[in-house]
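[1] Let's see this in three dimensions:
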Amino acid sequence: MADQGHRISTDLQENVRSMLAQGRSHRSIAAVLGLHPSTVDRYAKIGAFRPLDRPIVTPVNHKQAEFDWREWAEWAQHGQKLKAKGSRTQNEEAVFELGDGKPIILATFSDQHIGAWGCDYSLFCKITDEIVNTPNLYMVMLGDETEHAIRLRSVLEVTSQIFTPEIQERFIEAWIREVDHKIAWAGWSNHGIERQEKLAGSSVLKNLISRHATYFNGLAHVRLKVGKQEYKVASNHKFAGNSMYSRVHGPKRYIRMEAPDRDIVLQGDLHTPELDMYHEGGKMHVAITTGSLHTHSGYGQRHFSLLTIPAYPCIVLYPDEHKMVPFWSIGEAVAHLR
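    Here you go, the predicted model:
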């Protein structure tokens with residue numbers, strides 16, 4: 001047959017129309033015109049024929065797309081430069097000169113969970129006073145400053161907040177204004193910053209912290225110059241790798257696998273503190289995991305431990321010799337220096 005179900009010429013369409021008007025069967029029309037029966041069936045349906053009087057459309061100024069991937073790559077690079085220019089995130093190793101030639105205390109503080117009913121607000125005030133009133137002390141903020149139960153996965157979790165998310169943010173910003181001269185650097189967190197980013201693509205908490213402190217949106221590498229000495233530090237809200245036998249397994253794993261040059265490695269998140277001073281790779285290292293002020297967390301008491309410990313280890317660093325002495329509290333470090 002001349003046709004296998006494809007579109008037919010206008011002349012054949014006219015013949016099919018005429019024969020259909022005569023009442024002839026589809027099969028006989030197909031036989032006479034040499035068409036496939038299915039073609040006649042298709043063109044017999046309403047709307048299958050193109051109107052014979054339809055004018056031919058000749059595009060005069062039809063829009064033609066032009067896409068040059070090199071132009072788009074150039075445009076993207078310009079955007080990347082603008083984004084980097086406007087970002088407050090520290091993306092490379094930071095260098096700080098700390099102190100006035102005397103030993104300093106490098107303190108950790110994290111997992112306060114301000115806004116939760118279970119936070120120890122009295123201890124938060126006490127630790128803040130210690131930080132502000134201790135000379136030559138500098139604090140590393142390791143994240144989860146706020147509760148931000150905003151994921152809507154549990155009614156109980158949401159209603160466990162004593163402050164709304166907005167009040168939590170204003171609370172932390174007011175607190176940072178009081179202690180900003182003591183902040184060495186700050187980092188991301190999963191409760192406040194990451195939760196906001198997952199739901200909104202941006203974080204109010206990240207923006208307000210980065211306005212007041214050197215802020216790392218991921219792993220932080222820092223070189224601390226204390227007098228004549230230099231100490232290399234790595235910190236993160238949480239390092240990859242857990243162990244039931246050690247809360248500092250993740251930080252120590254990071255030094256072993258990724259950054260053997262680091263003297264000190266710090267993390268928060270786990271709510272159970274631990275510190276370890278150990279020898280590896282020909283040098284001494286200090287690894288610290290902080291505690292938490294969320295001492296009455298129902299979630300923690302169900303799934304982790306009844307013994308949430310609000311301890312924040314710190315390290316005394318000396319200016320004239322490469323010497324690191326870790327302590328379980330600021331008070332112990334101050335007593336040592338005296």
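
[2] tell me the secondary structure for the residue nearest to Ile330 when sequence neighbours are not counted?
    Excluding its sequence neighbours, the residue lying closest to Ile330 (Cβ to Cβ, 6 or more residues apart in numbering) is Glu130, at 4.8 Å. (Each C-beta comes from the backbone N, C-alpha and C, glycine too.) The local conformation at Glu130, judged by DSSP: H, G, I helix; E, B strand; the rest coil, is helix.

[3] how near is Glu130 to Ala107?
    From Glu130 across to Ala107, the span is 8 Å (Cβ to Cβ, to the nearest Å).

[4] neighbour-wise, which of the two wins?
    Ranked by neighbour count (other Cβ atoms under 10 Å), Glu130 and Ala107 place Ala107 first, with 24 against 16.

[5] In its sheet, which strands sit next to the helix or strand where the more buried one lies, and in what direction?
    Assigned by DSSP states H and E, Ala107 belongs to strand 104-109. Applying DSSP bridges, strand 104-109 is found paired with strand 137-141 (parallel), strand 314-317 (antiparallel).

[6] May I have the predicted confidence score for Asp111?
    You'll see Asp111 listed with a pLDDT of 96.

[7] which residues does it contact?
    142-144, 268-269, 271, 290-294 (Cβ atoms under 8 Å, 6 or more residues apart in numbering).

[8] And the pLDDT at the closest residue to it other than its chain neighbours?
    Leaving aside its sequence neighbours, Asp111 sits nearest to Ser292 (Cβ to Cβ, 6+ apart; 3.8 Å). With respect to pLDDT, Ser292 scores 96.

[9] how about the helices in this protein?
    10-21, 26-33, 37-44, 69-86, 121-133, 155-159, 165-179, 195-200, 204-212, 249-257, 298-303, 330-337 (DSSP state H).

[10] Now the ones you listed in a markdown table, please, with extra columns for distance to Asp276 and mean pLDDT.
    Output for the helices of the chain, formatted as a markdown table (distance: least, Cβ to Cβ, whole Å; pLDDT from 0 to 100):
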| stretch | distance to Asp276 | mean pLDDT |
| --- | --- | --- |
| helix 10-21 | 87 | 81 |
| helix 26-33 | 88 | 85 |
| helix 37-44 | 80 | 79 |
| helix 69-86 | 37 | 95 |
| helix 121-133 | 22 | 97 |
| helix 155-159 | 33 | 86 |
| helix 165-179 | 27 | 97 |
| helix 195-200 | 30 | 94 |
| helix 204-212 | 28 | 96 |
| helix 249-257 | 7 | 97 |
| helix 298-303 | 23 | 81 |
| helix 330-337 | 16 | 96 |
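
[11] In stretch 230-248, which residues are buried?
    231, 233-239, 246-248 (16 or more other Cβ atoms under 10 Å).

[12] Show me the residue at the heart of the chain, geometrically.
    Centroid check for the chain by Cα atoms, centre = their mean gives Glu194 as the closest residue, at 4.8 Å.

[13] So it is in contact with Trp188, correct?
    Yes: the pair Glu194 / Trp188 is scored as a contact, 6.7 Å apart, by Cβ atoms under 8 Å.

[14] any idea how this protein splits into domains?
    The chain breaks down into these domains under automatic domain parsing: 10-44, 88-337.

[15] can those go into JSON lines with extra columns for distance to Val60?
    Below are those laid out as JSON lines (distance: least, Cβ to Cβ, whole Å):
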{"stretch": "domain 10-44", "distance to Val60": "24"}
{"stretch": "domain 88-337", "distance to Val60": "44"}
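
[16] Tell me which of these is the most buried.
    Highest mean neighbour count of the domains of the chain: domain 88-337, a mean of 18 (counted as mean count of other Cβ atoms under 10 Å).

[17] got the end-to-end distance for that domain?
    35 Å (Cα to Cα, to the nearest Å).

[18] ok, the residue nearest to Asp111 to Asn217 distance?
    Distance from Ser292 to Asn217, by Cβ to Cβ: 22 Å.

[19] Likewise for Leu137?
    As judged by Cβ to Cβ, Leu137 and Asn217 stand 25 Å apart.

[20] Likewise for Met139?
    For Met139, the distance to Asn217 equals 19 Å [Cβ to Cβ].
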